[in-house]
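>>> What shape does this take:
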Amino acid sequence: MNPLPLPPVAEPFRLPFHYGALHQVGVDWLVDPEPVGALLARHHPGLSAAVFDGRALVSLNYQLYFAQYPFGGGVTQEIEYNIVAFPTAERARLPRLSYPEYAQGWDQTKLLGIARIHVVCDNPYAITAGRELYAEPKVPGWFEVDLPSLNGPAGETWTVRCNAATTGPDGTLEKGGDPLLGLTVELAGLAAVPANSAPVTGYGTDPDGRLLAGPMNVYQPYRWYDLGAPEHAGRVRLTSRHPGGEPGGEVCALLGDTPAAGAWSFQSPPVAAHNRPYYLSAG
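Model prediction:
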């Protein structure tokens, strides 16, 4: 078999794309594989849904990241609605894993990746880059968030509200009024396990039906939280005001009342700190 050419890199983009800082939280649900497989087939016919002990894996993840460009800096927020999947033609190479093993990064083939179903993003430049470089189904939106931060009160609760937006004729984001999705993840008091899950393979299907795989390296371990015990069922809350609408209503309908199986997070360490001032004697 002849090797395939690399996908083109459209101007003015450059790859790899380097993140200056990344703050991320994700949540995983184990659900009935039949509707998940049907949804995946509509979006990515070259992929099959991964199955862990008879259940398919649906994942949401929110990202806040900074990037430095020649003209300055940019901050982007986005939320992805994904199905964990693999290229159907590579089925024989997959290891047999439980969900906790997968979540901790035991799949070193990296064939188990995230098949993007919907991606909502608040940066028009990143929307264009995601569509053209990685075939991401990326649409505009805006966010209201309350996140763990060294510059805020102590806590481990992530609250993300994703709202509708459009892109104006001048390429700027125009906020809409419709809420799309709400996600709250309460992680305080839970022990985290280091998860060597990077590089994370992201899958996309371009307009010509070609399957793309784009790995993302994160240079430190993720923190994975096992939410499988019944007492953790209330730690994740997912809401949508538009039943059946995309993306919030669709994911809520698919998940139903299924409790989250696990959560994972990553926060870039600070690189500098501006310390508290002190008084100097006038004498």
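>>> Centre of the chain to the lowest-mean-pLDDT helix or strand in the chain, how far?
Of all the helices and strands that make up the chain, helix 248-255 has the lowest average by mean pLDDT, DSSP states H and E, namely a mean of 80. Put simply, helix 248-255 sits 16 Å off its chain's centre (C-alpha atoms, centre = their mean, to the nearest Å).
>>> what's the following helix or strand after it?
Proceeding N to C from helix 248-255, the next assigned helix or strand is strand 262-267, under DSSP states H and E.
>>> which helices and strands sit right next to that next one?
With contacts defined as 3 or more C-beta pairs under 8 Å, 6 or more residues apart in numbering; DSSP states H and E, strand 262-267 has these neighbours: strand 21-31, helix 99-103, strand 222-226. Where C-beta positions appear, they are placed from N, C-alpha and C, glycine not excepted.
>>> so that strand versus strand 21-31, what angle?
Here strand 262-267 points in a direction 170 degrees away from that of strand 21-31 (axes from the mean of the first three to the mean of the last three C-alpha atoms, to 10 degrees).
>>> in the protein, which residue is closest to the centre?
residue 61 (3.2 Å; C-alpha atoms, centre = their mean).
>>> how many neighbours does residue 266 have?
Applying other C-beta atoms under 10 Å, we find 19 residues neighbouring residue 266.
>>> in the sheet, who's paired with it?
Counting by DSSP bridges, residue 266 forms beta bridges with residue 24.
>>> Quick one: residues contacting it.
22-24, 218, 220, 222-223 (C-beta atoms under 8 Å, 6 or more residues apart in numbering).
>>> closest to residue 144 among the residues you listed?
Closest to residue 144 out of the contacts of residue 266 is residue 23 (15.3 Å), distances taken as C-beta to C-beta.
>>> Could you confirm residue 91 falls within a strand?
No: read with DSSP: H, G, I helix; E, B strand; the rest coil, residue 91 is helix and lies in no strand.
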